[in-house]
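>>> okay, sequence plus prediction incoming.
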Amino acid sequence: MSVPDYMQCAEDHQTLLVVVQPIGIVPEESFFRIYKRISAVSQVNVRDSQRVLYIRYRHHYPPENNEWGDFQTHRKVVGLITITDCSSAKDWPQTFEKFHLQKEMYGSTLYDSRLFVFGLQGEIAEQPRTDVAFYPSYDECETVEKRIEDFIESLFIVLESKRLDRATDKSGDKIPLLCVPFEKKDFVGLDTDSRHYKKRCQGRMRKHVGDLCLQAGMLQDSLVHYHMAVELLRSVNDFLWLGAALEGLCSASVIYHYPGGTGGKAGTRRAQGGSLSAEAGNRHRPGAQEVLIDPGALTSNGINADTSAEIGRAKNCLSPEDIIDKYKEAISYYSKYKNAGVIELEACVKAVRVLAIQKRSMEASDFLQNAVYINLRQLSEEEKIQRYSILSELYERIGFHRKSAFFKRVAAMQCVAPSIPEPGWRACYKLLLETLPGYSLSLDPKDFSKGTHRGWAAVQMRLLHELVYASRRMGNPALSVRHLSFLLQTMLDFLSDQEKKDVTQSLESYTAKCPGTMEFITLPDGLKLPPVPFTKLPIVRSVKLLNLPTSLRPHKMKSLLGQNMSTKSPFIYSPIIAHSRGEERNKKIDFQWVQGDVCEVQLMVYNPMPFELRVENMGLLTAGVEFESLPAALSLPAESGLYPVTLVGVPQTTGQITINGYHTSVFGVFSDCLLDNLPGVKTNGCTVEVIPALPRLQISTSLPRSAHTLQPSSGDEISTNVSVQLYNGETQQLIIKLENIGAEPLEKLEVTAKTVNTKEKLYGDFLSWNLEDTLSQFPLKPGKIATFTVNIKLKLDFSCQENLLQDLNDDGISVSGLPLSSPFRQVVKPRVETKPMNPPEGSKAGDFSHVKTLEAILNFKYSGGPGHVEGYYRNLSLGLHVEVEPSVFFTRVSTLPATSTRQCHLLLDVFNSTEHELTISAKNNEDLILHAGECQRMAIQVDKFNFESFPESPADGTQFANAKQLEEERQQAKALAASSHPPEEAR
């Protein structure tokens, strides 16, 4: 016996073997359709009996295995069913002749046979025959199952007659010696009359009867016969048949203890006539009584048909533990015979299946290890593949997943052995896929993104390389790219620098012919390979959504109804609401993007590769809003640190937009990397609101840009800074061009100004404008320009000292001829006393070159388009930096009486601090020309105050009124100074 049946299990010992084969040319699909229907009739209740017959069907069976039918009767072909196509009556004789030739192949062991003829109609088909069934076609054969049942009953009749014939043999001492094929030559010339020989014949026949009883559904009887056979064969050291008797005993006990079967197909077997539980062994079973055996209670010929009369010392059914012990003993006997290698191997497989049910994995592995080292004849490549596959399956059943994967991989490599003329790369690939779970591998990259790495990385990489090679040899480059991408993504941390270079070079050569995609790849067996995004090339550590530039940020117009309220809850505070809002804040951002404007997301990435990494077509993946991503390309240096990358895009519609991730193209593989699948990525939120489109305003001026950047206290940024240099008292126009560079019309414009960062006191309006001329050009269409004029007027203090009017009190001249105790002096004198002793350096007399600085911000608040309808606007700020150079100073002020008693002369010392010639004009006075650095005194005739016109009042009230008059006089003096002309150059 040379061909092992790796699918054998213990319960196969109770089956009858029936071979189903085609004759002539029969379509394979049609044959297996009929074969499937025939093999469905696998167990039949015997008529007028409670026994059940089990049938094992095979469509191929080696004739040499049939020669071992006496050793174990379940190996004997007892039934033959042939299927043939016969369309005409003239082909019938030849077809029937082939049927007889087929029977002769198994003729010595056949109990009965049948021929199913399809396609033949007419006189021949109408003749009643027991061994031939005619059917018009493969679709019109309703009675096939009934014919098979009748056929099995005929097999049972023959089986039962043989069992009774062997069990009641009364031919004296002449019991035939049953032999296996290789024993026949060893028994030539033996003394057939010796007691040893007779015991051997009795033991073998007793074992043979036990086989027949087991097949006939008489389980208890078979146990009795097996026990007797064991005692007889042990006494004569007939080890091969002793092993067979022990194995028969094990099989009968397994059938009793495990009626569901050990072959892995639960529910395929029914208990034979009795209860399914193991305790049922103590109850009566149909067809036999519970008995104890006694080897001494034998008839003269060693065969006693009445087993119920035998009473002995040992119980007939083995316990689950004893079953394994007897299996070990039987296998040890088989191992003594080189020609019984197949029997030994199959016994190991049967024992492993039993141990798998008993969950005794370590003992099962010992049996399997023994099976691995059993030497058979030179096996064909196909037989080797089958052997390794079954070993893998058995290791899987006992929970040895890695050992199972090892043998499965050996079977895969055997499919493409060099000795095979046409290597089976598809079969190799399929078997390699089945090894993945054993090596803690899956084809889903998500399984490798969480927690620590499972399994041996070196073995996993070897297996993935083999998958890549097998898929390439299959002619499926897309599959090669997918597996190589998976290797690079999941095993990156375990690859050496050289391996990283080799893998990426291979990947680039593959993707040059077939780029990697994000599509699922469906294999012929239905398995789907998920896409492999390169989330590690580059590695992303943080994702931050950026706000728009300050000048483009939208602002919501405040409403009296309180639109900025964060919740509509009627309660002032609720911890539940606050908590839920806090979670939402982690994902949603407090600024807005604008439809049609470029928006930015900043990623912090680094390159883990030992060489420069080129990333192409890198862009954003979004949801919720139609978004135009503007892809970028970048090149990261080898093993770079964190590197900022800004991805941009333009939202085309409004609503809530969510940044789900980014897409890249690396080494020819397109990847969609989702943030949910990136471990350890920091983000400030992924969802932002996109508001309707707003216009974009760009301003340009007639002034040069300023090197000074204004820093307003509010923190707002200034988009443009301009500077101008003017003399104190000078006026200049600032022309501002307003250009709409957006896609929406500019409909609304508001302009405000504020002075910042200055301690100087301004007199009059520093900045003034007329907005009506500009608004007349609105709405401003995209691309159009409007002009806006701002008048800059500088009026600072022209005095060179802080308290210029103190000179009126110190020159000893009476202002208006009043006594020293006049109310006027009472007002001025306290100011003199409270004058600071050390005035600041900038206010000391003689410091005429000090340049003062003024800074102001012009704020343009504008809106238009759909955003204006929704109540949004934008702010644009223009920073104005003015350097004020001094022009003239009034260094001293005094008074002289005039010719009229109602007037006086105001004497002013005027100093020209510029490098230019100045002309100073005053009302009703001649112009005064001052050269650079020149100081002259000028007199201005002014009216005196008429104090007599003031009503009498308390001292406090008089003091207040005179203080008011003093301030008016001071202002008048400064107004005279302000009316002086600018330098000649300024004109």
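Cool, got the structure. Fair warning: this is a prediction, and the values are worked out from it, not measured in the lab. Numbering: from 1, shown residues only.
>>> host element of H708?
H708 is part of no helix or strand, with elements assigned from DSSP states H and E.
>>> count of neighbours near the residue nearest to A427 when sequence neighbours are not counted?
Counting by Cβ to Cβ, 6 or more residues apart in numbering, A427 lies nearest to C415, which is 4.5 Å off, once chain neighbours are set aside. For the C-beta atoms, the positions are set from N, CA and C on the backbone; glycine is no exception. Using other Cβ atoms under 10 Å as the criterion, C415 is surrounded by 23 other residues.
>>> over to I357?
17.
>>> check C935 too.
Neighbourhood size, C935 [other Cβ under 10 Å]: 16.
>>> how much space between the residue nearest to it when sequence neighbours are not counted and L246?
Distance criterion Cβ to Cβ, 6+ apart; nearest residue to C935, sequence neighbours excluded, is F911 at 4.2 Å. Look at F911 and L246: by Cβ to Cβ, to the nearest Å, they are 134 Å apart.
>>> okay, these two: which has more neighbours?
When F911 and L246 are compared for neighbours, L246 comes out ahead with 28 against 20, by other Cβ under 10 Å.
>>> near the closest residue to F494 other than its chain neighbours, how many residues? Count them for me, please.
Counting by Cβ to Cβ, 6+ apart, the nearest residue to F494 once its immediate chain neighbours are dropped is A457, at 4.0 Å. Using other Cβ under 10 Å as the criterion, A457 is surrounded by 16 other residues.
>>> wait, A457 sits on T490?
No - contact between A457 and T490 fails when scored by Cβ atoms under 8 Å: they sit 9.1 Å apart.
>>> quick revisit: remind me which helix or strand the residue nearest to C935 belongs to.
Secondary structure from DSSP H and E places F911 in strand 903-912.
>>> quick check: next helix or strand after that strand?
Heading C-terminal from strand 903-912 (DSSP H and E), you reach strand 918-920.
>>> buried set for that following strand?
L918, I920 (16 or more other Cβ atoms under 10 Å).
>>> please identify which helix or strand holds S161.
helix 144-167.
>>> contacts for that helix next, please.
Applying Cβ atoms under 8 Å, 6 or more residues apart in numbering, the set of residues contacting helix 144-167 from outside is 16, 18, 34, 37-38, 40-41, 44, 46-47, 53, 55, 78-79, 81, 111-112, 114, 116, 133, 135, 205, 208-209, 212-213, 215-216, 303, 305.
>>> among those residues, name the ones in strands.
Residues of these located in strands (DSSP state E): 16, 18, 44, 53, 55, 78-79, 81, 112, 114, 116, 133, 135.
>>> top of these by number of neighbours, please.
Of all these, the most densely surrounded is V18 (28 neighbours; neighbours counted as other Cβ under 10 Å).
>>> need the contact list for it.
I55, R56, Y57, R58, V77, V78, G79, L80, I81, L155.
>>> would you list those in a markdown table and tack on pLDDT and distance to S404?
Compiled in a markdown table, those are given as follows (pLDDT from 0 to 100; distance: Cβ to Cβ, whole Å):
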| residue | pLDDT | distance to S404 |
| --- | --- | --- |
| I55 | 96 | 31 |
| R56 | 95 | 26 |
| Y57 | 96 | 28 |
| R58 | 95 | 26 |
| V77 | 95 | 33 |
| V78 | 96 | 35 |
| G79 | 96 | 36 |
| L80 | 96 | 37 |
| I81 | 96 | 36 |
| L155 | 95 | 38 |
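>>> just flag the most distant two among those residues.
Farthest pair in these (Cβ to Cβ) is R58 and L155. Separation: 14.9 Å.
>>> so which elements touch the strand holding F911?
strand 888-897, strand 928-930, strand 935-943, helix 955-978 (3 or more Cβ pairs under 8 Å, 6 or more residues apart in numbering; DSSP states H and E).
>>> just the C-alpha atoms of the helix holding S161, please, in CSV.
This file holds the C-alpha atoms of helix 144-167, laid out as CSV (Å, rounded to 0.1, in the frame of the first residue of the first chain):
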residue,chain,number,x,y,z
VAL,A,144,-30.9,8.4,-8.5
GLU,A,145,-31.1,8.6,-4.7
LYS,A,146,-33.6,5.8,-4.5
ARG,A,147,-31.5,3.6,-6.7
ILE,A,148,-28.5,4.3,-4.4
GLU,A,149,-30.5,3.3,-1.3
ASP,A,150,-31.5,0.0,-3.0
PHE,A,151,-27.9,-0.5,-4.0
ILE,A,152,-26.7,0.0,-0.4
GLU,A,153,-29.3,-2.5,0.8
SER,A,154,-27.9,-5.1,-1.6
LEU,A,155,-24.4,-4.3,-0.2
PHE,A,156,-25.7,-4.9,3.3
ILE,A,157,-27.2,-8.3,2.4
VAL,A,158,-23.8,-9.4,1.1
LEU,A,159,-22.0,-7.9,4.1
GLU,A,160,-24.3,-9.6,6.5
SER,A,161,-23.9,-13.0,4.8
LYS,A,162,-20.1,-12.7,4.9
ARG,A,163,-20.2,-11.7,8.6
LEU,A,164,-22.4,-14.6,9.5
ASP,A,165,-20.4,-16.9,7.3
ARG,A,166,-17.1,-15.9,9.0
ALA,A,167,-18.5,-15.8,12.5
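>>> where does the protein dip in pLDDT?
Flagging of the chain using pLDDT under 70 yields the residue ranges 1, 169-173, 188-189, 264-315, 559-588, 710-716, 757, 800-849, 947-987.
>>> the longest strand seen in the chain: partners in the sheet, and parallel or antiparallel?
Here the longest strand in the chain is taken by residue count, with DSSP E as the criterion, and it is strand 872-885. Here the strand partners of strand 872-885, with direction, are listed using DSSP bridges: strand 554-556 (antiparallel), strand 720-727 (parallel), strand 852-863 (antiparallel).
>>> so what's C904 bridging to?
According to DSSP bridges, the residues that bridge with C904 are P897, V942.
>>> does it touch T895 like I think?
Yes - taking contacts as Cβ under 8 Å, C904 lies within contact range of T895: 5.4 Å.
>>> that older thread, residues in contact with the residue nearest to A427?
Taking Cβ under 8 Å, 6+ apart as the definition of contact, the neighbours of C415 are E381, I385, P423, G424, W425, A427, C428, L431.
>>> the same query, at a cut-off of 10 Å, please.
Taking Cβ atoms under 10 Å, 6 or more residues apart in numbering as the criterion, C415 is in contact with 381-382, 384-385, 388, 423-432, 470.
>>> go on, A229?
Applying Cβ under 10 Å, 6+ apart, the residues near A229 are 202-211, 238, 241-242, 244-246, 248-249, 295, 302.
>>> then P22?
If you count contacts by Cβ under 10 Å, 6+ apart, P22 has them with 28, 30-32, 34-35, 59, 82-85, 102, 116.
>>> give the bridge partners for it, please.
I83.
>>> now do it against Y57, distance only.
Distance check for P22 against Y57: by Cβ to Cβ, it reads 14 Å.
>>> do V681 as well
Using Cβ to Cβ, one obtains 59 Å as the distance from V681 to Y57.
>>> more neighbours: the two, which one.
A count of neighbours by other Cβ under 10 Å puts Y57 above the other of V681 and Y57, at 21 against 18.
>>> wait, isn't the more buried one in contact with T15?
Yes - look at Y57 against T15 with Cβ atoms under 10 Å: they come within range, at 9.3 Å.
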